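1. structure for the following, please:
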Amino acid sequence: MDLLSIAGILVAVAAIVGGNALEGGHVSALLNGPALVIVFGGTLGAILLQSPLAVFLHSLRLAGGVFRPPSHQINPAIKKLVNWSNVARKEGLLGLEAIAESEPDLFIRKGMQLLVDGSEPEVIRSIMEVEVDSREQYDLLAAKVFEAMGGYAPTIGILGAVMGLIHVMQNLADPGRLGSGIATAFVATIYGVGLANLLLLPFGNKIKTLALRKSQYQEMVIEGIVAIAEGENPRNIESKLQGYLN
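-> Residues are numbered from 1 along each chain as shown. Modelled structure (predicted):
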């Protein structure tokens with residue numbers, strides 16, 4: 001669980017609600033059903049129109065990683081790769097076959113199977129880099145879903161504000177109905193700007209960060225497996241891979 005992400009959301013919400021309270025406002029003034037429907041529904045509709053369904057669903061899956069980031073620990077992976085290089089020097093590449101079959105990481109398992117099959121180092125690098133690049137691009141497309149929603153939400157909030165003002169203008173003769181129209185007008189803008197800047201845009205940037213972090217991890221794995229295929233000294237492999245720790 002990424003406590004920093006949760007803390008960030010709580011601090012942002014507390015700052016807005018607390019600032020409103022310091023100004024003498026009430027939380028109930030920030031709660032408005034029509035404004036919520038306009039901003040959330042409009043933003044969702046716009047992004048469904050823009051994005052392919054597969055990309056939209058992928059973005060929802062990656063959104064969970066904002067609070068539960070996948071673990072890509074480089075140091076333990078380096079130790080495994082160095083250990084495998086020692087096995088390869090003593091028993092040959094076929095000695096890694098059992099290790100490859102029991103490896104839980106599918107990306108590493110694929111590279112190890114290529115290694116055991118006797119593929120050339122450049123062939124291994126080429127095949128695995130294609131997977132890294134395609135996965136990274138797919139993840140970045142998912143991040144752009146949230147970035148696009150962050151662009152639509154404030155505009156739709158303004159649309160909600162205009163609709164509220166239209167409602168006010170149509171009911172000038174009935175003072176009892178002016179309050180709801182004015183509330184929708186201003187609260188919709190708050191919802192649009194707040195949703196974009198406190199959730200959607202940060203979500204998109206966090207997904208980008210996680211995607212690039214995963215790519216770095218997988219590139220390190222590629223370097224290690226290729227080095228084993230080339231028969232490099234385990235100490236040299238360890239020194240090379242430790243550059244990724246920074």
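2. CA only for contacts and neighbour counts going forward, please
-> Fine.
3. specify the local secondary structure of Gly192.
-> helix (DSSP: H, G, I helix; E, B strand; the rest coil).
4. does it touch Leu159 like I think?
-> No. Contact criterion C-alpha atoms under 8 Å: Gly192 and Leu159 do not qualify, at 9.6 Å.
5. look at the two and report which has more neighbours.
-> Gly192 (29 against 20; other C-alpha atoms under 10 Å).
6. gap between the more buried one and Glu223?
-> With distances taken as C-alpha to C-alpha, to the nearest Å, Gly192 is found 45 Å from Glu223.
7. same check, this time on Ser119
-> 15 Å.
8. neighbour-wise, which of those two wins?
-> Between Ser119 and Glu223, counted using other C-alpha under 10 Å, the more crowded position is Glu223 (18 against 15).
9. residues contacting the more buried one?
-> By C-alpha atoms under 8 Å, 6 or more residues apart in numbering, the contact set of Glu223 is 125, 241.
10. which strand or helix spans it?
-> helix 201-229 (DSSP states H and E).
11. for that helix, the distance to its chain's centre please.
-> 13 Å (C-alpha atoms, centre = their mean, to the nearest Å).
12. kindly report the same for stretch 102-116.
-> On the basis of C-alpha atoms, centre = their mean, stretch 102-116 sits 25 Å off its chain's mean C-alpha point.
13. list the buried residues in that stretch.
-> Buried residues in stretch 102-116, defined by neighbour count with 16 or more other C-alpha atoms under 10 Å: 108-116.
14. which SSE is the residue lying closest to Gly231 once chain neighbours are set aside in?
-> Nearest residue to Gly231 in three dimensions, chain neighbours excluded: Arg89, at 7.4 Å (C-alpha to C-alpha, 6 or more residues apart in numbering). Per DSSP H and E, Arg89 falls inside helix 74-91.
15. what average pLDDT does that helix get?
-> Averaged across helix 74-91, the pLDDT comes to 91.
16. then stretch 47-64?
-> Average pLDDT, stretch 47-64: 94.
17. okay, domains of this protein per the record?
-> Domain ranges of the chain: 1-31, 33-246, per automatic domain parsing.
18. most tightly packed of these?
-> domain 33-246 (a mean of 18; mean count of other C-alpha atoms under 10 Å).
19. straight-line length of that one, end to end?
-> 48 Å.
20. same check, this time on stretch 65-82
-> Counting by C-alpha to C-alpha, you get 29 Å between the two ends of stretch 65-82.
21. same check on stretch 64-80?
-> 28 Å.
22. which strand or helix spans Ala142?
-> Going by DSSP H and E, Ala142 is part of helix 121-170.
23. for that helix, packing partners?
-> helix 42-50, helix 53-67, helix 106-116, helix 178-195, helix 201-229 (3 or more C-alpha pairs under 8 Å, 6 or more residues apart in numbering; DSSP states H and E).
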